[in-house]
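Structure, please.
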Amino acid sequence: MKLQVTQENLSKAINTVARVANTRNTLPILSNVLLKTDNNRLSIAATNLDIAITQFVGSKIEETGSITVPARLMQEFVSSLPESVLKIELADNKLHITNDQYKSTINGTSSEEFPVMPAITGGSTWNTDATVFKKALQQIVFAASADDARPVLTGVYFHSSDGSIIAASTDSYRLAEYKLGKTKTSLNFLVPATAAADLLRIIGDSDKEIKITHDDQQVRFEVGDVILVARLIEGNYPDYRKLIPVKFATTVRLSRTDFLNITKVSSLFARESAGSITIKADKASGDISINAIASQLGENTATAKAEVNGGGEVTLNSRYLIDALNAFSSAEVEFCFNGKLEPCILRSQSEQNYMHLIMPLRS
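The predicted structure follows:
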C-alpha cells in the first residue's frame, strides 16, 4: 500500500470511526482501525462486532493494500500533525507516515484478522431526508433505556403505521415519538440506541439524504462518504400506543422557555426527593406553578403565565421534564394531563411530528 492523503481528511475520518473501536474487548484486533485502498479512495473502518463504521477518503493511490493499526494511537497521532499532505506506505506490516516535518512508523496487524460484518441480503432499501432524520434522532434517542435488563427498551424502534414511518424510544418512564414521513412499505426493526447516537454524530448539516437498508438481522445507513452497519435488537417492542391518551382534562399552552426556566429552578429543590416536582395548572389565575420541597434546604414555588383549559395538578420527575422541553425547538409547547396517575403529554403546534410522554410519580 502506497498513497497520499491530506492530514485534515484522514484525521476527520479516523475521529468518525475510532469511537466504536473497543479497547476493553477480549479480541485485541477490535481496538484497531482498518485502513484499506478502495479504487481511488482510502477506507477507514472500525467495529465492536455490534456496530461497524466505515468512512471513505479521497486519496492519491499508488499501490493498493490494507493493514490494521491501533485506533487510539492513530487518532491522536494524526490529529496532532499540522495540516499537510501525508505520504503513507506499508512495508512488512509497518505503516510509514511522513510529511515535511515528521517521519513515523506504526506497527500494524494483518487485515485478514479484522472481522467483517455480514452482508445484508434480501432486505429492503429506502431513502429519507437527512435533516429530518437527524432532527428525529435528536428528539428521541435520549429517551431510550440504558438498562440491559430489558434489551428491547435500549433501542430506537422504527416501524410503519397508517402509512407513516415512525421512530420511537422509551425507558418505560417516558416515551418519545417522531413521524418521519409517508411510506407504502411495511417497516419493523429495532436499532440499538448506541448506534443511533453514533449516526447522529455522523450526519452533517450539509448531508441531503440517508440511504437505509435492512434485513431481519442488520441495518445499514449510508450518509455521504460514511457507512454505519449495526446488528438489530431481537424481540418485540411494547405496544406503546395504548399508553397515549386521546383526550385531556387539562391542557396548558405556554412559552417553552418559561416552562423550562421554572422547571430548572424547582429542580434545585427537588434533588432530595429524586427530582420530584408538583405542577399545578390554574385556569382562574391563568398560570402554571411548580412546587418542590427539600426538607433540609427549603422549598420553592415558581410560576409562569399560561393559557389554561381545565385545571389540576400532577407530580413528575424534573429531569424527565427538562430533557423533554430541551428536545423541542418551538417557542410554545402544550402540556396535557388527566389527573395524577395518567401519562402526561408534551406537544407543539409547530412541531406536529413530535410527541413526548412522561409517566407521573405517585405524590
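
C-alpha only now, for contacts and for neighbours.
Fine.

mind giving me the domain split of this structure?
By the assignment in automatic domain parsing, the chain contains the domains 2-113, 124-239, 244-358.

how long is the shortest one end to end?
It refers to domain 2-113. Using CA to CA, to the nearest Å, the end-to-end distance of domain 2-113 comes to 21 Å.

pLDDT averaged over it - what is it?
Per-residue pLDDT over domain 2-113 has a mean of 93.

what helix or strand is Gln55 on?
For Gln55, the host element (DSSP states H and E) is strand 51-58.

who does that strand pair up with?
strand 41-47 (antiparallel), strand 226-231 (antiparallel) (DSSP bridges).

immediately after it, which helix or strand?
Remark: after strand 51-58, the chain's next helix or strand is strand 60-63, criterion DSSP H and E.

distance between that next one and the chain's centre?
Relative to its chain's centre, strand 60-63 lies at 36 Å (CA atoms, centre = their mean, to the nearest Å).

residues making contact with that strand?
With CA atoms under 8 Å, 6 or more residues apart in numbering as the contact definition, strand 60-63 has outside contacts at 1-5, 37, 39-41.

Need these in CSV (columns: secondary structure and neighbour count).
Compiled in CSV, these are given as follows (DSSP: H, G, I helix; E, B strand; the rest coil; neighbours: other CA atoms under 10 Å):
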residue, secondary structure, neighbour count
Met1, coil, 17
Lys2, strand, 18
Leu3, strand, 21
Gln4, strand, 19
Val5, strand, 19
Thr37, strand, 23
Asn39, coil, 12
Asn40, coil, 15
Arg41, strand, 17
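
mind putting those residues in TSV, distance to Ala168 included?
Shown next, in TSV, are the contacts of strand 60-63 (distance: CA to CA, whole Å):
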residue	distance to Ala168
Met1	45
Lys2	46
Leu3	44
Gln4	44
Val5	40
Thr37	38
Asn39	39
Asn40	39
Arg41	36
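
Point out the most buried one among the strands paired with strand 51-58.
By mean neighbour count, with neighbours taken as mean count of other CA atoms under 10 Å, strand 41-47 ranks first of these at a mean of 25.

can you give me the strands in the stretch 1-150 of the chain?
Using DSSP state E, counting those that start in this stretch, the strands of the stretch 1-150 of the chain run over residues 2-6, 32-38, 41-47, 51-58, 60-63, 66-70, 85-91, 94-98, 103-107, 124-129.
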